[in-house]
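**Student:** My questions concern the predicted model and sequence given below.
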Amino acid sequence: MSKRTKEEIVADNNKRKDKIVELLNSAELYYTQKGDQNTVKNIQIQKKNLAENKFSIVVVGEFSAGKSTLLNAMMGKRMLPSFTQETTATVNFLRDKSEAPNDEAGIVYYTNGTKEVIPDTELKTIEKYVSTKGNEVASNVDHLDVYFDSKFLKDGVTLVDSPGLNGVAEGHKEITENQIKQSNASIFMFDASRPGSQTDFDSLGNLQENVSKIFILLNKIDMIREEEEETIEDVKQGLAKSYMKVFPDAKKVPEIYAISAGNALKAREKGEGDTWGLDEFETKLFEFMSSDKKYVEQLKSPVKQIDSLVNNSIQSLNENKELLESKADTEELHQKINKLTSEIEAVDTKDKDSRRSINSKLNAVFRDATNEIRVETQKYIERNLKRVKEYSDPADLGQYLENFETNFTRKLRTIVENGKYNLQASIEDIVVDQYVEQSLAINDKLDGLDVFSEVNINEKFELPTNFGEVGLEQMRAEKAALEDRLLALKKKRADAEENLAIARANERERKRLEEVIETKKQHLDMLEVSFSENMPKIHRNPIQTAKEIDRGGFFGKIGDALFGKKKMFGPGWEVDSTEHDEYIARNSKRLDERRAELEKDFVLLREKENTNMDVAETRADIAKEELNEAKAKFEKLMQEQDAKLDSYARKQLNSLQNHFYEYCDNTLDDVIRNIKKNMNNAKKQYAGIIVEMVNANIDQKLKKKKSYLESLESQLESSEDDKKERLAEIASEMEQLTHILEQVTVLENEINGIEVAN
């Protein structure tokens, strides 16, 4: 088979989209005729998303499951509110930054058709528009678009934060259900602190009717109680077993991703690497968004939603048809209506009986909750008592106990919080036994009550005033003095060793200089001998010399004066000492240089001879001996002090342990009294809420049944012609819906035939 071109693939995709639009048009026409504007709006949004190639992933879960926290963690920024009692009240769309019409941070769309640009995506800004903390948010705000730069929002993908399916505020469930019918895929969140409740699986089952691609998350894994030997894998396996029990026709359990969105968000805000399982889920999500599977789900989801919608409508029409064709006795129906009316009027009368019954059950669960908190607190104290007994050093024990009060208070709050959760779970079970519908909202109501006041430790734990000081000052002083002495002797020893090393080095240098001087003296002597032996001689050459002499006498003196002295010639010598003088001048300089070098060596030698080797060795030996004596004395002192400390420690430990035991006994009594007071206060308010909800539930059921029977009576009392007309209308509607289902079947087969790479 030849490979298809890109143009051919695009053409086929457009044909499929055109067929889906035809299906949506058929459904829109039918529900417009029925006047079901809410369904028409959902269908129109599906068409718009398909035309604009949008892909919507809605995050679904019960109240406080962590939906907003998950999206915050994925965006790496805390911007959507994620409170315990103030939570999402509107639908919030996280869209890519490029989709902002005029580069806005976000836009609020109000139910009256107006809109408002928000200045930034900071938490304090957004929570005013999207949380139950805001003023009439659910009734005034239609939805909020937040624009963000994230890889999870590329290529037309939108992440949707929805209210919980069991939210407190009116309209939460309807808002979420509508958004599910407008989305292409979903992320469903279980709460690991209470996983796999019936309401969870009911919600998941409804979700599966409208969306085929569902990512399942087990959130808050940090709440799993490892101290009770419960692991993440245990919870996942338990959830998987419950899934197959609730959905026995399922071929396999979907993959469950265990995460802690809250801790992952904190880690990303701090730039830490541990993301508590979120990375694994994000990788799978991004792989899906980057594959052809996303395109297939984009086509499949509107078809699946129309299929579910039409089948529900057909079921309703069939029930209506059966009523019109029934032959029931109208008198019997009158009697039933009258009976129900009496029951409705008796609701107020039954209030006391309901309260008494509920109070009886509440007494039991509150008693169990109080005992659980007491037992857990006792266990914690007993563990600490055991640790106290294991300490052998009073100082270490004192340091541990100094922090005990803070740790005890923190642990106590955790125990009470867990007890409160278990209490509410038990109360929910009471309601579920008889009033399933109300169980969806019971925990929200109970969470909204701030009846548990802060559980504090009244008595402050303080160490004895003389703790750790008895008999220690003198020992500390003796030890400090010896430590100073040891330090000084170590320095003295080091100095002596250093001086000895210098003396030894000088001695080696002195011997070397003596050898050098002796060698140089020999060379100088040899040079002087050679100088004498090789000295050139002075040369004498015979010559005739003239010598002036006096003439003598009177006249001779006159003649000398007039004619000069008389010259007499005779033999003489000419002396030549040039070579001799040059030799002496040249070699005398060399001899002087050698003598100067020798003199320098003599000076160095005299300096080295000033070091007394014997003195240096003696000083080093003395310093070593003094240091050894001091060490021995220090070791002896330590042994003596250890013996004393052992005696002190035993006394201190016994005293401190007894002090701690007494403190724990008194504190436990105070805590239990405080908890019982809390429990009594909570029980009164919880009982009031439950009775109110139960009565409202009964009243709602009875009114609904009455309305149903009155409608039935009206139809049965209508004329045969009216019945035939209505039956004809039903037949016509059934024909329209059957045609729509035929379109659904064709499209499902075609979409399921699309080949997708794994």
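**Tutor:** Structure received. Numbers count the residues shown, from 1 in each chain.
**Student:** Could you look up the SS state of P101?
**Tutor:** When classified by DSSP: H, G, I helix; E, B strand; the rest coil, P101 comes out as coil.
**Student:** phi, psi of it?
**Tutor:** Dihedral pair for P101: phi -60, psi -40, per degrees, to the nearest 10.
**Student:** And for the nearest residue to H539 once chain neighbours are set aside, the neighbour number?
**Tutor:** Residue nearest to H539 in three dimensions, not counting chain neighbours: D576, with 4.1 Å by C-beta to C-beta, 6 or more residues apart in numbering. Quick note: C-beta positions are derived from backbone N, CA and C, even for glycine. Number of residues near D576 (other C-beta atoms under 10 Å) recorded here: 11.
**Student:** Next up, the contacts around D576.
**Tutor:** 538-541 (C-beta atoms under 8 Å, 6 or more residues apart in numbering).
**Student:** Could I get those in CSV, plus columns for secondary structure, pLDDT and distance to K386?
**Tutor:** Listed next are the contacts of D576 as CSV, based on DSSP: H, G, I helix; E, B strand; the rest coil; pLDDT from 0 to 100; distance: C-beta to C-beta, whole Å:
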residue, secondary structure, pLDDT, distance to K386
I538, coil, 77, 117
H539, strand, 75, 120
R540, strand, 75, 124
N541, strand, 74, 126
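**Student:** from those, which would you call buried?
**Tutor:** Among these, none is buried by neighbour count (16 or more other C-beta atoms under 10 Å).
**Student:** Pick the one among the residues you listed closest to S532.
**Tutor:** I538 (14.7 Å; C-beta to C-beta).
**Student:** Count the neighbours of the closest residue to the closest one other than its chain neighbours for me.
**Tutor:** Nearest residue to I538, sequence neighbours excluded (C-beta to C-beta, 6+ apart): S577, at 4.5 Å. Using other C-beta under 10 Å, S577 has 13 other residues around it.
**Student:** if I look at S577, how far off is K34?
**Tutor:** The gap separating S577 from K34 is 150 Å, by C-beta to C-beta, to the nearest Å.
**Student:** again, but for N14
**Tutor:** Counting by C-beta to C-beta, the gap between N14 and K34 amounts to 31 Å.
**Student:** And the helices in the stretch 201-350 of the chain?
**Tutor:** 232-246, 261-270, 278-289, 292-325, 330-345, 347-390 (DSSP state H, counting those that start in this stretch).
**Student:** Need those in CSV (columns: distance to S530, mean pLDDT and mean neighbour count).
**Tutor:** Shown next, in CSV, are these (distance: least, C-beta to C-beta, whole Å; pLDDT from 0 to 100; neighbours: other C-beta atoms under 10 Å):
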stretch, distance to S530, mean pLDDT, mean neighbour count
helix 232-246, 102, 91, 15
helix 261-270, 89, 91, 19
helix 278-289, 94, 94, 16
helix 292-325, 108, 89, 18
helix 330-345, 147, 65, 13
helix 347-390, 94, 72, 15
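**Student:** Mind checking those for the one nearest to A585?
**Tutor:** helix 261-270 (89.8 Å).
**Student:** Can you name every helix or strand that the closest one contacts?
**Tutor:** Helices and strands touching helix 261-270, as assessed by 3 or more C-beta pairs under 8 Å, 6 or more residues apart in numbering; DSSP states H and E, comprise helix 67-75.
**Student:** What are the boundaries of the strands in this structure?
**Tutor:** 55-61, 91-96, 106-110, 115-118, 141-148, 157-161, 185-191, 214-219, 256-258, 539-549, 566-576 (DSSP state E).
**Student:** Dump those to a markdown table, plus distance to E22.
**Tutor:** Listed next are the strands of the chain as a markdown table, based on distance: least, C-beta to C-beta, whole Å:
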| stretch | distance to E22 |
| --- | --- |
| strand 55-61 | 21 |
| strand 91-96 | 27 |
| strand 106-110 | 29 |
| strand 115-118 | 32 |
| strand 141-148 | 28 |
| strand 157-161 | 25 |
| strand 185-191 | 23 |
| strand 214-219 | 27 |
| strand 256-258 | 37 |
| strand 539-549 | 143 |
| strand 566-576 | 142 |
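**Student:** Of those, which is nearest S360?
**Tutor:** That would be strand 185-191 among these, by C-beta to C-beta, at 29.5 Å.
**Student:** can I get the CA coordinates of that closest one in CSV?
**Tutor:** The C-alpha trace of strand 185-191 is given here as CSV (Å, rounded to 0.1, in the frame of the first residue of the first chain):
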residue,chain,number,x,y,z
ALA,A,185,-10.3,14.0,28.4
SER,A,186,-10.1,14.1,32.1
ILE,A,187,-7.8,13.8,35.1
PHE,A,188,-9.7,12.0,38.0
MET,A,189,-8.3,12.4,41.5
PHE,A,190,-8.6,10.1,44.5
ASP,A,191,-7.7,11.3,47.9
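**Student:** List the residues that contact V756.
**Tutor:** Going by C-beta under 8 Å, 6+ apart, V756 touches 291-293, 296.
**Student:** how about those residues in a markdown table, adding distance to S68?
**Tutor:** Below are the contacts of V756 laid out as a markdown table (distance: C-beta to C-beta, whole Å):
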| residue | distance to S68 |
| --- | --- |
| S291 | 27 |
| D292 | 31 |
| K293 | 26 |
| V296 | 29 |
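**Student:** wait, which of these is closest to I216?
**Tutor:** Closest approach to I216 among the contacts of V756 (C-beta to C-beta): K293, at 16.4 Å.
**Student:** per-residue pLDDT, the residue nearest to that closest one when sequence neighbours are not counted?
**Tutor:** Nearest residue to K293, sequence neighbours excluded (C-beta to C-beta, 6+ apart): V756, at 5.5 Å. What the model reports as pLDDT for V756 is 70.
**Student:** Please report how far V756 lies from D292.
**Tutor:** 5 Å.
**Student:** Any figure for the gap between A616 and Y129?
**Tutor:** A616 is 88 Å from Y129, where distance means C-beta to C-beta.
**Student:** more neighbours, those two?
**Tutor:** Legend: neighbour count by other C-beta under 10 Å for A616 and Y129, higher for Y129 (24 against 21).
**Student:** For that one, which residues are in contact?
**Tutor:** Applying C-beta under 8 Å, 6+ apart, the residues contacting Y129 are 90, 108, 118, 137, 141, 144.
**Student:** lowest-confidence helix or strand of this structure?
**Tutor:** Scoring the helices and strands of the chain by mean pLDDT, DSSP states H and E places helix 436-447 at the bottom, with a mean of 46.
**Student:** Y129 - nearest residue in space that isn't next to it in sequence?
**Tutor:** V108 (4.9 Å).
**Student:** For Y147, see how far away that neighbour is.
**Tutor:** 13 Å.
**Student:** ditto for N658
**Tutor:** N658 is 66 Å from Y147, by C-beta to C-beta.
**Student:** From the neighbour counts alone, determine which of these two ranks first.
**Tutor:** Y147 (20 against 10).
**Student:** Settle this for me: that one is touching K97, isn't it.
**Tutor:** Yes - Y147 is in contact with K97 according to C-beta atoms under 8 Å; the separation is 5.0 Å.
**Student:** between the two, what contacts are shared?
**Tutor:** With C-beta under 8 Å, 6+ apart, Y147 and K97 have no common neighbours.
**Student:** Give me the most central residue, this structure.
**Tutor:** Centroid-nearest residue in the chain: A267, 2.4 Å away (criterion: C-alpha atoms, centre = their mean).
**Student:** Isn't that one up against G277?
**Tutor:** No - counting by C-beta under 8 Å, A267 does not reach G277; the two are 11.2 Å apart.
**Student:** list residues touching both of those two?
**Tutor:** Counting by C-beta under 8 Å, 6+ apart, nothing touches both A267 and G277.
**Student:** ok so, going back, export the helices of the stretch 201-350 of the chain to JSON lines and append columns for distance to K220.
**Tutor:** As requested, the helices of the stretch 201-350 of the chain are exported to JSON lines (distance: least, C-beta to C-beta, whole Å):
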{"stretch": "helix 232-246", "distance to K220": "10"}
{"stretch": "helix 261-270", "distance to K220": "7"}
{"stretch": "helix 278-289", "distance to K220": "12"}
{"stretch": "helix 292-325", "distance to K220": "28"}
{"stretch": "helix 330-345", "distance to K220": "41"}
{"stretch": "helix 347-390", "distance to K220": "20"}
